[in-house]
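Colleague: Here is the input, now give the coordinates:
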Amino acid sequence: MRTTLPTPTDTPARRIRTPRRSLAAGIGVATALALAAAPVVALPAAASAADPAPAPAVDLGHEVIAPGDGWASWSGPTYPERVQRLAEPVTGGTAAGPAEVYVVDDWQELRDALAGVPGGSQNDARYNQVPRIVYVTGTLDPWLRADGTRVTCDDIASQVTVAGSGAQFDMDDYIAAFGPGVDPSGPLEQARVEAAALQARLTLQHIGSNVTLVGVGDDARVVGASLRIRDARNVIVRNLTLSDAYDCFPQWDAGDSGGNWNSAYDNLSVWTSTSVWVDHNTFDDGDHPASSLDTVYGRPFEVHDGLLDVTHGSDLVTMSWNWFQHHDKTDIIGSSDSRTQDRGQHRVTQHHNRWTDIGQRAPRVRFGDVHVYNNLYEQTDVTTAASSPDHAFFQYFWGAGRESSIVAESNAVELVDPSSVSRIIAGWGGTELRASDTLVNGEPTDVLAAYNATAATPLSPDVRWDPADAYPYALDAVADVAAIVRAGAGAGILSSGSPVATAAPAAFAVSDDNGRDTGLRDGDYRILADLWWGQNATVVKLYENGALVDAQWIDGASPAAQHAAFDIAGRVDGTYEYTVVALNPHGEASSRTHTVTVTDAAPGRAVLTASGARTGVVSITADLWWGTNATEYVLFQDGVEIDRQPLVAATPGAQHAVTTVGELPSGTYEFTAVLSNAAGATAAKPVTVTVRAR
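Modeller: All right, here's what the predicted structure looks like:
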């Protein structure tokens, strides 16, 4: 049996920790060590009352990466798929307008927010570049239906028919049809591919550019899904537990190291993307840990791929203060030796991450310049229990792959089996790796020398780059790394939320000034939103007949009152229903529906008068004495337009227009006028002019 490690909420204490900083900027050494070791003791009421008030929560949605925080803070050219981009330090969605701020508590809401449109496609999300801030509250689970029931793997498989047999696809039939040494093919393999595509529609979600995706509190989770930052730039993912990207239909590859089951989904992956900051997240296998996997064809029936993979020419990534738990193939940087277009890419910084009972890839690197510092790699009896006589679960931590250059500094390693120190590093076709100031089970150890002592092809410590040339950074003392990282890594550690509120906002009361501003129920008015008491909002959004028409940032200081006003213009006669949605990082609240009836949007009826009939030199005057003003006046003589004039609207003031028609021959003429504005047009009562012969 595996020993269950404490979840992030069991960490002895929570502290706000500025990413990638020396001890002076974060938790002190003594404090961190004390937090790691001290028991939790209930204080008497008097002592508790004397404690300082906790610091207000931080709105992570508006934070950007700090200068010098690894490759993601770097500026300069990058070439994903050999196409140049100019990178800047990561800011995520901090440029978002108030209409592009979302609080999501179910899977479909997340998909809609990332797509930018309800029911949007994966391509909508993948290519969306509009800055967005998305706050996650609670658990997002794509397998959970709206009625509370759950989709199963069998539900997906039953939608696929095996060609030639008419039978529904079943993974058990697939397994029974093949075996060790055989690569599956034919109708069953085609059916597996179809079923896998159906699962991808359900559980795979793309993230586009200029996004900040953050969890709020200590229980924000995405479970059973795979998030993929693809063809994007400038993305932040923070304070989330990303758990169990489960693959119902893994593929058997008989040629993979003697045969392996390979899965399609990472908890989080970065594809062809640049300038990405992944910070203070927890990654795990959830309800399907390695110990729960069946053995099929003599190999574990692996339903997971990586926890966090950076591939397909992605570049300029900082992974900081994350916790990776109980997983085999954890973190690969670079997907294939054959992707030579990835040369010069895959620049990644990993610092202050916690790696607990992982099998391999922490990371394995191809082509990249990767900086690995102040991380904690720890093993417990889970590592021992996951091993078998013919297969050691722990393989390695740092994998030097083709044309890679890893610089590892001041990392702490805790091994169950000290003799496995030579396996901290593995060679995968690389030629160089520099490891300095490594602490193994509390003792300074030259881990590169330990590897080279038994390696068929030793690695050189002469690396091609120096992290200090790319960005400034400060190392925590390696003796303090274990305590600091345990106290600060993972989701739920940051005091996330909003400094203006401790919970979702209260609902606003909605009113309007239509009829009170001008005395007319015209199409120009204000919708007024008031929160008289309660938790404050940071954004208010106005919906008209169910469609978003306006949004505003709003200052707050709970429980003070808040007020917002929305200007509405150009509405035609009719009935309009308004709802104000107030939100802050903790959640949102909708007002009651407020109805506005517009009856006077079109101009009032003008009065026409004529002069000059006796002389034959005719003038027509149009006067609007009361009503909604017009912006244009058109005069017709016997149905033919003879004059058009712009008017200045100043409702409910009077309007006046004069047309000099000129000398007319004797006869009878009918003059009509139409006054119009954006909401409509109103015809004046005609006036008849008779010119007599002189």
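
Colleague: what about the spatially closest residue to residue 693 that is not a sequence neighbour, neighbour count?
Modeller: Taking CB to CB, 6 or more residues apart in numbering, and ignoring the residues beside it in sequence, residue 693 has residue 666 as its nearest neighbour in space, at 4.2 Å. Where C-beta positions appear, they are placed from N, C-alpha and C, glycine not excepted. By the other CB atoms under 10 Å criterion, the neighbourhood of residue 666 contains 10 residues.

Colleague: State whether residue 666 and residue 618 are indeed in contact, as I suppose.
Modeller: No - contact status for residue 666 versus residue 618: not in contact, 11.9 Å apart, counting by CB atoms under 8 Å.

Colleague: what sits in contact with each of those two?
Modeller: Taking CB atoms under 8 Å, 6 or more residues apart in numbering as the contact criterion, the common neighbours of residue 666 and residue 618 are residue 691.

Colleague: helices and strands of the protein: which one bottoms out on pLDDT?
Modeller: For the chain, the helix or strand with the lowest mean confidence is helix 29-37, at a mean of 35 (criterion: mean pLDDT, DSSP states H and E).

Colleague: could you dump stretch 364-378 to CSV, C-alpha only?
Modeller: The C-alpha atoms that make up stretch 364-378 are tabulated as CSV, following Å, rounded to 0.1, in the frame of the first residue of the first chain:
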residue,chain,number,x,y,z
ARG,A,364,14.0,15.3,-19.1
VAL,A,365,15.3,17.8,-21.6
ARG,A,366,15.8,18.0,-25.4
PHE,A,367,17.5,21.0,-27.0
GLY,A,368,16.8,23.4,-24.2
ASP,A,369,18.8,25.6,-21.9
VAL,A,370,17.2,24.7,-18.6
HIS,A,371,17.9,26.1,-15.2
VAL,A,372,17.0,23.9,-12.2
TYR,A,373,17.7,25.5,-8.8
ASN,A,374,16.4,25.4,-5.2
ASN,A,375,14.1,22.5,-5.8
LEU,A,376,13.3,19.7,-3.4
TYR,A,377,13.2,16.1,-4.6
GLU,A,378,11.9,13.7,-1.9
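
Colleague: quick thing: my sequence starts at 37, can you match it?
Modeller: All right, first residue 37 from here; so that's stretch 400-414.

Colleague: Buried residues of stretch 177-185, list them for me.
Modeller: 177-180 (16 or more other CB atoms under 10 Å).

Colleague: got it, and stretch 249-266?
Modeller: Neighbour-count burial for stretch 249-266 flags 249-266 (criterion: 16+ other CB under 10 Å).

Colleague: I'd like the mean pLDDT over that stretch, please.
Modeller: The predicted model assigns stretch 249-266 a mean pLDDT of 98.

Colleague: Pull up the distance across that stretch, start to finish.
Modeller: 14 Å (CA to CA, to the nearest Å).

Colleague: With stretch 490-510 instead?
Modeller: The straight-line separation of the ends of stretch 490-510 (CA to CA) is 33 Å.

Colleague: residue nearest the centroid of the chain?
Modeller: Residue closest to the average C-alpha location in the chain (CA atoms, centre = their mean): residue 249, at 3.0 Å.

Colleague: For the helix or strand harbouring that one, enumerate its sheet partners and note whether each is parallel or antiparallel.
Modeller: Secondary structure assigned from DSSP states H and E places residue 249 in strand 247-251. The partner list of strand 247-251 in its sheet, established with DSSP bridges, is strand 168-172 (parallel), strand 269-274 (parallel).

Colleague: Who are the packing partners of the helix or strand just after the shortest one?
Modeller: Moving toward the C-terminus from strand 168-172, the first helix or strand encountered (DSSP H and E) is strand 175-176. Using 3 or more CB pairs under 8 Å, 6 or more residues apart in numbering; DSSP states H and E as the contact criterion, the elements in contact with strand 175-176 are helix 143-151, strand 257-259.

Colleague: helices or strands up against the shortest one?
Modeller: What it means is strand 257-259. Contact here means 3+ CB pairs under 8 Å, 6+ apart; on that basis strand 257-259 packs against strand 175-176, strand 277-279.

Colleague: hmm, try it at 10 Å
Modeller: With contacts defined as 3 or more CB pairs under 10 Å, 6 or more residues apart in numbering; DSSP states H and E, the packing partners of strand 257-259 are helix 143-151, strand 175-176, strand 247-251, strand 277-279.

Colleague: what pairs with the very next helix or strand once past that strand, and is each one parallel or antiparallel?
Modeller: Using DSSP H and E, the helix or strand that follows strand 257-259 towards the C-terminus is strand 262-266. Strand 262-266 pairs in its sheet with strand 240-243 (parallel), strand 304-307 (parallel), by DSSP bridges.

Colleague: Can you give the distance from the last one to the centre of its chain?
Modeller: Averaging C-alpha coordinates over strand 304-307 and over its chain gives two centres that are 13 Å apart (CA atoms, centre = their mean, to the nearest Å).

Colleague: Next: stretch 147-155.
Modeller: Remark: stretch 147-155 is offset 11 Å from the chain centroid, using CA atoms, centre = their mean.

Colleague: And it, end to end?
Modeller: 8 Å.

Colleague: go on, stretch 366-375?
Modeller: Between the opening and closing residues of stretch 366-375 there is a gap of 21 Å (CA to CA).

Colleague: try stretch 137-152
Modeller: Between where stretch 137-152 begins and where it ends, there is a gap of 10 Å, by CA to CA.

Colleague: What of stretch 212-222?
Modeller: In stretch 212-222, first residue to last residue: 14 Å (CA to CA).

Colleague: same deal with stretch 570-589?
Modeller: This stretch, stretch 570-589, spans 17 Å end to end (CA to CA).

Colleague: ok, and the closest non-adjacent residue to residue 227?
Modeller: Counting by CB to CB, 6+ apart, residue 227 lies nearest to residue 205, which is 4.0 Å off, once chain neighbours are set aside.

Colleague: what's the answer for residue 303, then?
Modeller: With CB to CB, 6+ apart as the measure, residue 278 is the residue that lies nearest to residue 303, at 4.1 Å, once sequence neighbours are left out.

Colleague: can you pull out the strands in the stretch 437-586 of the chain?
Modeller: Assigned strands in the stretch 437-586 of the chain, in chain order: 441-445, 448-450, 461-464, 469-472, 474-476, 479-481, 545-548, 561-567, 575-580, 583-589 (criterion: DSSP state E, counting those that start in this stretch).

Colleague: partners of the fourth one in the sheet?
Modeller: Yep, that's strand 469-472 we're talking about. Paired neighbours of strand 469-472 in the sheet (DSSP bridges): strand 441-445 (parallel).

Colleague: What average pLDDT does the partner strand get?
Modeller: Strand 441-445 shows a mean pLDDT of 98 in the predicted model.

Colleague: Same check on stretch 572-587?
Modeller: Mean pLDDT, stretch 572-587: 98.

Colleague: List the buried residues of that stretch.
Modeller: Judged by neighbour count (16+ other CB under 10 Å), stretch 572-587 contains these buried residues: 572-580, 586-587.

Colleague: Among those residues, which one lies nearest to residue 456?
Modeller: For residue 456, the closest of those turns out to be residue 574, at 50.0 Å, with distances computed as CB to CB.

Colleague: what's that closest one in contact with, if anything?
Modeller: Under the criterion of CB atoms under 10 Å, 6 or more residues apart in numbering, the contact partners of residue 574 comprise 95, 97-98, 134, 137, 534-537, 541, 589-592, 598, 618-622.

Colleague: Might you list the low-confidence residue ranges for this protein?
Modeller: For the chain, the stretches flagged by pLDDT under 70 are 37-90.

Colleague: As a check, name the ranges of all helices in it.
Modeller: Along the chain, the stretches classed as helices by DSSP state H are 65-73, 81-86, 143-151, 158-163, 189-193, 207-213, 223-239, 417-421, 483-488, 503-506, 514-524.

Colleague: Looking at these, which one is packed in the most?
Modeller: Counting by mean count of other CB atoms under 10 Å, helix 514-524 has the highest mean neighbour count of these, with a mean of 22.
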